[in-house]
Every structure is written in structure tokens, then in C-alpha cells.
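[1] Predicted model and sequence follow; I will ask about them next.
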Amino acid sequence: MIEVKNLTKYYGEKLAVNKLNFSLRDGEIVGLLGLNGSGKTTTIRMLTGFLVPSEGEVLVDGISNFQNPLEAKKKIGYLPESPPLYEDLTVWDYLEFVAKIKGVSKEDRGSQITQALDKTNLKEVQKELIGSLSLGYRKRVGIAQALLGNPKIVIMDEPISGLDPEQILEMRKLIASLSGQHTVLISSHILSELYKTCDRFLMIHQGNLKYDYSKQKLEQELVQFSSLLVSLGGKSKEEIISYLNQILESKIEIETVEQDGNTYHFSLRSENETILRNRILDTFRFNGLELYSLHKKEVTLEQIFLSNVRN
């Protein structure tokens, strides 16, 4: 649906985006991840045709975004981080205005606006002034305008930025409802939220594409980075470490050790975390040890992100 080839952008001598190559498939929801200043918004603006690249090209359903911009833009709905809303218009009047700009025929205009209102749950506020709406509703109005013209691709830049937890939940449901009907690309630095929404993840750092992960691959990374937190006592630190290394044939990686009185707190990583946990539970009494706690430490997406961008 979208094919990106060697996409590059310089601002003067500063390289903002460096030879990006990726594609988006029909009906999938893709997260574009990166820290602030990583090149996400610049990439989004080039994909939507708002910014001309220094090098490379973007094909939208086979159409060049730069050689045939009007035809390519007809296939894209775009929600900028700050939606271009007219606060003195009602929701309906604003969407009607956008529909006219997009060239939606007079016969289809009403039905398309109604469909966009339905998808974004805006019917109850369609007669209210945009200036009177909360940020959550204003974001929804921005998505509604992006859906006008029945675009095959919907691109959103930081759609959940600034929203409260309840509004984030509503936005997540709205984005998920677009799956299959549209190809969706979402740019955000809130990694945990995109994990709950997207099928695939592109990570950008300093203008470079660091990885392209499916959700399954990302879940494997979560498992790989996870560890066990165990608190043991009854013997010296050296004796406890010797015990831990003996209960599994493969060596245990001991990441951190903290002492609290006669108790030692270990962060452990093993090739087989389940066997490690079970053997600790089965054998600690026979080795004269005292077990105070044992639980899994969940890894965050931020840890995976930082690990990848440093490699």
C-alpha cells in the first residue's frame, strides 16, 4: 500500500532522516516509534506529501507522492499532532468544509460525514462548536476529517499525546476499529500504548530505521529481556551464588545483587526461566537457605527500545 525507498531529508547540513526503506501492507496497523527528535514527524510529513524529501521516493498504492501528489494524497487521510481545526465552526460544518476541499461529491458528502461521525463517536456533539470540545473530542474530530474521502491509508502523528487515561482507552478502541478497513500508520513516543494497538512496529532513532518487528517478534524480545527477582538468606552471598549456578546446567546470569541485612536480592536471567524458578522452590530448603520472595520482573518496551538504539 505504501512503499518507502531510500527516503532522506536534510535541513541544511543536518541529516534528519537517513535512507529509510519499508513498506506498509493492506489493512495493518503499524506503529512508528522513536524518541522526541528521532525523525518521526519529518518522516510522516514526507509520507503525506507535506514535505519534499532530499532523496528517495514514496509510492502510495503505486503512485509517486512527489510526481503525482494530488492523486497520491487522495488515498491518504492525515491527522497531524495538532489538528487544523476551526474553533468557531460546529463539528458538522467543519467536516462539511473539509469534505468540499477533498472533492467529495455533493451527493456523497452527507453520507460520508455521517459515517465519519459514527466511526469516531461524535454524533452527540456534531452541532457543538469545536472550540467548546475537550482535547479528546478534538482529536476525534481530527480523525473524522482524516477519514473523509474514504482514504485507503490513515496516518496519525501522536494521536494520544496529551490525552488522559480514559481518553487514551477510547482512542485505542477507535484506532483498533480501523483495522482491515484502512492501512493505519501511527507515530508516537508512548511505546506501551502502541504495543496495545499495533500489529507491527518500526523503530526510528536519529533518522535511521533501527528495526522492523512484528508483534510476535516484539513479544519474543519481551521474554528474552525478562528476569527473575529472588530474595534469599541463610548463607553468605558467595554460597548463595554457588547454589544458584549449581541448580541449572547452564550458567545463570546474575545481573544485580543487593544486600538488606542478612538477605540478598538477586536479579537473575536464565536460558530456562521456568526450570530455574521451579528448582529454586524445590531445593532451597535442602541447601540451608531461606527464601523470602520470588517473582518475575517484567521488562518494559522502553528497555527494549534503549537496548536496540544503543546497538
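    Done, it's in.
[2] List the buried residues of stretch 39-54.
    Buried residues in stretch 39-54, defined by neighbour count with 16 or more other C-beta atoms under 10 Å: 39-49, 51, 53. Quick note: C-beta positions are derived from backbone N, CA and C, even for glycine.
[3] now, which of the residues you listed lie within helices?
    40, 41, 42, 43, 44, 45, 46, 47 (DSSP state H).
[4] ok, residue 124 to residue 91 distance?
    Residue 124 is 10 Å from residue 91, where distance means C-beta to C-beta, to the nearest Å.
[5] okay, the two: which has more neighbours?
    Neighbour totals were compared for residue 124 and residue 91, and residue 91 leads with 28 against 10 (other C-beta atoms under 10 Å).
[6] Surely that one and residue 125 touch.
    Yes. The criterion here is C-beta atoms under 8 Å, and residue 91 meets it with residue 125 at 5.7 Å.
[7] any shared contact partners between these two?
    residue 133 (C-beta atoms under 8 Å, 6 or more residues apart in numbering).
[8] quick one on the thing from earlier: redo the buried residues of stretch 39-54 as TSV? Include distance to residue 203 and pLDDT.
    Converted to TSV, the buried residues of stretch 39-54 look like this (distance: C-beta to C-beta, whole Å; pLDDT from 0 to 100):
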residue	distance to residue 203	pLDDT
39	11	91
40	10	90
41	15	90
42	15	94
43	12	94
44	15	93
45	19	92
46	18	94
47	16	94
48	20	92
49	24	90
51	21	92
53	20	93
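[9] Quick check: of those, which lies closest to residue 174?
    residue 44 (18.8 Å; C-beta to C-beta).
[10] Run a quick check on the closest one versus residue 38, I expect a contact.
    No. In this structure, residue 44 is not within contact of residue 38 by C-beta under 8 Å, at 11.7 Å.
[11] tell me the phi and psi of residue 274?
    The phi/psi pair for residue 274 (degrees, to the nearest 10) reads phi -60, psi -50.
[12] distance of it from residue 228?
    Counting by C-beta to C-beta, the gap from residue 274 to residue 228 is 10 Å.
[13] With neighbour numbers in mind, choose between the two.
    residue 228 (19 against 9).
[14] dump the residue contacts of the nearest residue to the more buried one once chain neighbours are set aside.
    Leaving aside its sequence neighbours, residue 228 sits nearest to residue 268 (C-beta to C-beta, 6 or more residues apart in numbering; 4.6 Å). For residue 268, the contact set (C-beta under 8 Å, 6+ apart) comprises 227, 228, 229, 230, 244, 252, 253, 254, 255, 276.
[15] could you say which helix or strand contains residue 268?
    Applying DSSP states H and E as the criterion places residue 268 in strand 263-269.
[16] do residue 21 as well
    Using DSSP H and E, residue 21 falls in strand 14-24.
[17] what sits up against that strand?
    Residues from elsewhere that reach strand 14-24 (C-beta under 8 Å, 6+ apart): 1-10, 30, 39, 42-43, 46, 53, 55-56, 153, 183, 185, 202, 204, 206-209, 212.
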